[in-house]
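Peer 1: turn this into a structure:
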Amino acid sequence: MITHSEAAVPQPGGQQAALRYALIPLHGYGIAEATVARMLDPQGTGSARILHPNESLPYGVTPLLLAGTTVYGAVCVEHMLRTWTTALPKPHLVLIQDAPVRPPQDARYRFRALGSRVAGTVTVPYLPVLRAVEGAEQALKDRDVQRAAEKLRRHMEGN
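Peer 2: Numbering: from 1, shown residues only. Reported below is the predicted structural model:
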């Protein structure tokens, strides 16, 4: 169960920024999720970070649910939103495309049906470079990743 918490965990090294985004990966943590976290925190100052399983949602932070554009990803989003309490702010949904094609019809239907239960939805496009990098730092050097990061930040700042 996710609950509010007053404390934000400091990030190692450098100047500490206020935590703005708490990312909740719904079906695992990999290079795509790590890259999305760095897209929202390009300087690495700690304004966005992945929450660990069973970690409380820090007070005043925008929750982001991270899911792939698969049917399984949609089922994970649906399950999380069923248990999401009204005491927490509405989460934003970040869909990470897992292939250079449209999501399956069942996934698209579920994401549309769940749209009213989230504060907003943004899709991170399929980024082939993520298959060939050692980490999110290296991925951020790619032009397509930089464009996707700008779009993601614009979307989040507009909400």
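Peer 1: okay, and the helix or strand of the chain with the least pLDDT?
Peer 2: Among the helices and strands of the chain, strand 4-5 carries the lowest confidence by mean pLDDT, DSSP states H and E, at a mean of 39.
Peer 1: so how many other residues sit close to residue 129?
Peer 2: By the criterion of other Cβ atoms under 10 Å, residue 129 has 15 neighbours. In short, each C-beta sits where N, CA and C put it, glycine included.
Peer 1: now the nearest residue to residue 103 once chain neighbours are set aside: phi and psi?
Peer 2: In this structure, residue 103 finds its nearest non-sequential neighbour in residue 69, 3.8 Å apart by Cβ to Cβ, 6 or more residues apart in numbering. Phi and psi for residue 69, reported as degrees, to the nearest 10, are phi -90, psi 30.
Peer 1: secondary structure element for residue 121?
Peer 2: Residue 121 belongs to strand 120-124 when assigned by DSSP states H and E.
Peer 1: export the helix or strand that comes right after that strand as CSV, just CAs?
Peer 2: The element immediately downstream of strand 120-124 (helix or strand, assigned by DSSP H and E) is helix 136-139. Extracted in CSV, the C-alpha atoms of helix 136-139 (Å, rounded to 0.1, in the frame of the first residue of the first chain):
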residue,chain,number,x,y,z
ALA,A,136,20.7,5.9,-18.6
GLU,A,137,23.6,8.3,-18.7
GLN,A,138,24.7,6.9,-22.0
ALA,A,139,21.1,6.9,-23.4
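Peer 1: now for helix 136-139, which elements pack on it?
Peer 2: On a contact count with 3 or more Cβ pairs under 8 Å, 6 or more residues apart in numbering; DSSP states H and E, helix 136-139 meets helix 31-40.
Peer 1: quick one: the helix it packs on to chain centroid distance?
Peer 2: Centre-to-centre, helix 31-40 and its host chain are 8 Å apart (Cα atoms, centre = their mean, to the nearest Å).
Peer 1: who touches the helix or strand following that helix?
Peer 2: Next helix or strand after helix 31-40 toward the C-terminus (DSSP H and E): strand 48-50. Applying Cβ atoms under 8 Å, 6 or more residues apart in numbering, the contact partners of strand 48-50 are 9, 11, 19-25, 29, 33-34, 37-38, 40-41.
Peer 1: what are the phi and psi values at residue 52?
Peer 2: Main-chain dihedrals, residue 52, degrees, to the nearest 10: phi -80, psi 160.
Peer 1: what's the neighbour count on it?
Peer 2: Applying other Cβ under 10 Å, we find 10 other residues in the vicinity of residue 52.
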